[in-house]
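Chemist: Sequence first, predicted coordinates after that:
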Amino acid sequence: MNPIAPLPLLAQAASPTTWPTVSPGGGTAWMPPAASTAAHHADFVFYFIYWVAVFFFVLIVALMAYFAIRYRRRAAHERAPGAATHNTALEITWSAIPLALVIVMFYLGYRGFLDMVNPPADALPILVTGQKWVWSFTYPNGHSDTELHVPVDRPVQLTLWSSDVIHSFYVPAFRIKRDAVPGRYNKIWFEATKPGEYLALCAEYCGTQHSDMLARVVVHEPGGYESWLSEASDPFRTRSYAEVGRLIHQKRCAGCHSVDGSANIGPTFKGIWNHQVALRDGTSVLVDENYIRESILYPQKQIVKGYDPVMPTFQGQLKDREILALIEYIKELEK
Ligand SMILES: [Cu+2]
């Protein structure tokens, strides 16, 4: 049983039906295209071990074949006298050379591992959540997405966790792989070097749809990441004006303005739309679009009777569209 309820956002995310072909090209038979600063080192270690293995494979098979022929079974009178028991120089050589080689392999691998888990201080932090069977990425501004978008040439630090079983976040083109484990946070970082689209996979068998647990990774040209993020996290993309207004109210106005009729530091928003409101100077004014806009941008201009002029101006903090959203929300409260 999974003790943690699935995040609603993730539960909704359908797994896309088409996957990008990885771009740019340039991979080899053994390795996908190299698109991060870590790739060079990982490939070097891989090919070092690869060529050492090829060298010894050829050497050993060739010697084996040669000895099999050279020392094949013969008639008794042709046999060499079998006097040798051991050869110290030979034995030390075939122990010392492999030992030196594996020490070099360990050193190279360990150095790469340390580089990979220690992010630079200025890395862009992104939270990666693994859940059966979708990855989701939470950006510094709070936006969550099923795609990983990053800027080119800038270190990115991933913090990984899982809400159910163990997953493993794997981007072959960046040569990074790290487990996402329930109950703890793992870290890994990378710096993408080529704009394009790549694929992230789950590399830990996590259930029936494990092989569908893919995510699109987009590396943006300079400036592209910022504009993608602001567009993707635009609340208007998926919400009505009134809904966005409700969110802005919760964040910026709820400390002073209730929506249930109770007075607070400021008057309630409930039931004010299209009603006359009494001002401190004895006049009264109709609550319409212009009045609300003026109250938000120039709160000191018209002070509601019975309240102190303590509302801060939101000039330069709320965009025109957000002010319209607040107006729509206040209208809705009338109903
Ligand atoms: Cu998985």
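Modeler: Yep, it's here. It should be emphasised that the depicted structure is a prediction, and the values quoted were computed from it without experimental measurement.
Chemist: Next, give phi and psi for Gly130.
Modeler: phi -100, psi 130 (degrees, to the nearest 10).
Chemist: Next, the contact list for it, please.
Modeler: 160-164, 167, 169, 180, 202, 206, 213 (Cβ atoms under 8 Å, 6 or more residues apart in numbering). In this view, the C-beta of every residue, glycine as well, is placed from N, C-alpha and C.
Chemist: Spell out which parts of the stretch 201-335 of the chain neighbour the ion.
Modeler: 202, 206, 213 (Cβ under 5 Å from the ion).
Chemist: mind running it again at 6 Å?
Modeler: 202, 204, 206, 210, 213 (Cβ under 6 Å from the ion).
Chemist: Kindly reformat the residues you listed as JSON lines containing distance to Glu328.
Modeler: As requested, these are exported to JSON lines (distance: Cβ to Cβ, whole Å):
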{"residue": "Cys202", "distance to Glu328": "42"}
{"residue": "Glu204", "distance to Glu328": "46"}
{"residue": "Cys206", "distance to Glu328": "43"}
{"residue": "His210", "distance to Glu328": "44"}
{"residue": "Met213", "distance to Glu328": "39"}
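Chemist: Now, these that are in strands?
Modeler: Cys202 (DSSP state E).
Chemist: Any chance of the residues of the stretch 201-335 of the chain next to the ion in TSV with distance to Gly142 and pLDDT as columns?
Modeler: Formatted as TSV, these follow (distance: Cβ to Cβ, whole Å; pLDDT from 0 to 100):
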residue	distance to Gly142	pLDDT
Cys202	24	94
Glu204	28	93
Cys206	26	92
His210	29	90
Met213	24	91
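Chemist: between the residues of the stretch 201-335 of the chain next to the ion, which is nearest His77?
Modeler: Proximity of those to His77 (Cβ to Cβ) peaks at Glu204, which lies at 63.8 Å.
Chemist: hey, what's Ser162 bridged with?
Modeler: Gly130 (DSSP bridges).
Chemist: what's near enough to touch it?
Modeler: 129-131, 180-182.
Chemist: mind putting those in a markdown table, distance to Gly266 and pLDDT included?
Modeler: Shown next, in a markdown table, are these (distance: Cβ to Cβ, whole Å; pLDDT from 0 to 100):
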| residue | distance to Gly266 | pLDDT |
| --- | --- | --- |
| Thr129 | 38 | 94 |
| Gly130 | 44 | 93 |
| Gln131 | 41 | 91 |
| Ala180 | 45 | 95 |
| Val181 | 47 | 95 |
| Pro182 | 44 | 94 |
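Chemist: from those, which two are the most distant?
Modeler: Gln131 and Val181 (12.6 Å).
Chemist: who has more neighbours, those two?
Modeler: The neighbour count for Gln131 versus Val181, taken as other Cβ atoms under 10 Å, is higher for Gln131 (25 against 17).
Chemist: Next, work out how far apart that one and the ion are.
Modeler: 8 Å (Cβ to the ion, to the nearest Å).
Chemist: In terms of residue numbering, what are the domains of the protein?
Modeler: Domain ranges of the chain: 119-235, 239-333, per automatic domain parsing.
Chemist: list the contacts for Pro235?
Modeler: Applying Cβ under 8 Å, 6+ apart, the residues near Pro235 are 243-244, 247.
Chemist: Give the buried subset of the residues you listed as a PyMOL selection command.
Modeler: Command for PyMOL that selects the buried part of those, burial taken from 16 or more other Cβ atoms under 10 Å:
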select buried, resi 243+244
